[in-house]
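1. What follows is a protein structure lacking sequence information:
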């Protein structure tokens with residue numbers, strides 16, 4: 001089954017119709033998605049800015065990420081679930097939107113950036129944890145994360161207004 005065929009099938013399900021046609025369900029899902037986006041990306045941005053050495057320079061990078069990351073991940077998980085329901089409500093529109101493809105690609109790259117950071121630079125954090133200016137790799141990971149999340153947001157918002 002092709003992805004297009006899957007989207008056609010999904011759009012014709014009762015769940016898709018129920019979300020899409022509900023006067024309350026779709027707006028609640030979308031509002032929750034946007035609020036969790038603000039929570040998650042706002043906290044990730046704070047961690048990224050610390051990694052870049054631009055904010056909270058007197059706080060350890062471990063403490064900043066340790067305090068904020070659980071909340072950011074909770075927000076991301078909720079944002080992911082609501083995003084799945086938004087996709088279920090209009091899969092063919094998503095399939096035909098280049099902004100959806102861009103958003104998903106940037107989300108993938110953002111996750112890849114985080115994975116590479118945690119498998120490499122994060123392992124040496126104890127050595128530079130309190131440095132006002134983190135090592136080059138940490139700064140690159142932070143700036144790259146910020147840029148990727150800005151792209152995710154821009155593509156997502158553009159997608160919402162181009163349906």
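-> Received, thanks. Bear in mind that the values here come from a model prediction, so they are computed numbers and not experimental data. Numbering: from 1, shown residues only.

2. low-scoring stretches of this structure, by residue?
-> 163 (pLDDT under 70).

3. In it, which helix is the longest?
-> helix 61-89 (DSSP state H).

4. For that helix, what is the distance to the chain centroid?
-> 7 Å (CA atoms, centre = their mean, to the nearest Å).

5. what residue of the chain is the furthest out?
-> Relative to the mean C-alpha coordinate of the chain, counting by CA atoms, centre = their mean, the farthest residue is residue 127 (28.6 Å).

6. Could you pull up the residues touching that one?
-> By CB atoms under 8 Å, 6 or more residues apart in numbering, no residues touch residue 127. C-betas here are computed from N, CA, C, even on glycine.

7. gap between it and residue 54?
-> Taking CB to CB, to the nearest Å as the measure, residue 127 falls 20 Å from residue 54.

8. ok, now residue 19?
-> Distance, residue 19 to residue 54, by CB to CB: 40 Å.

9. before we move on, what about residue 14?
-> According to CB to CB, residue 14 stands 49 Å off from residue 54.
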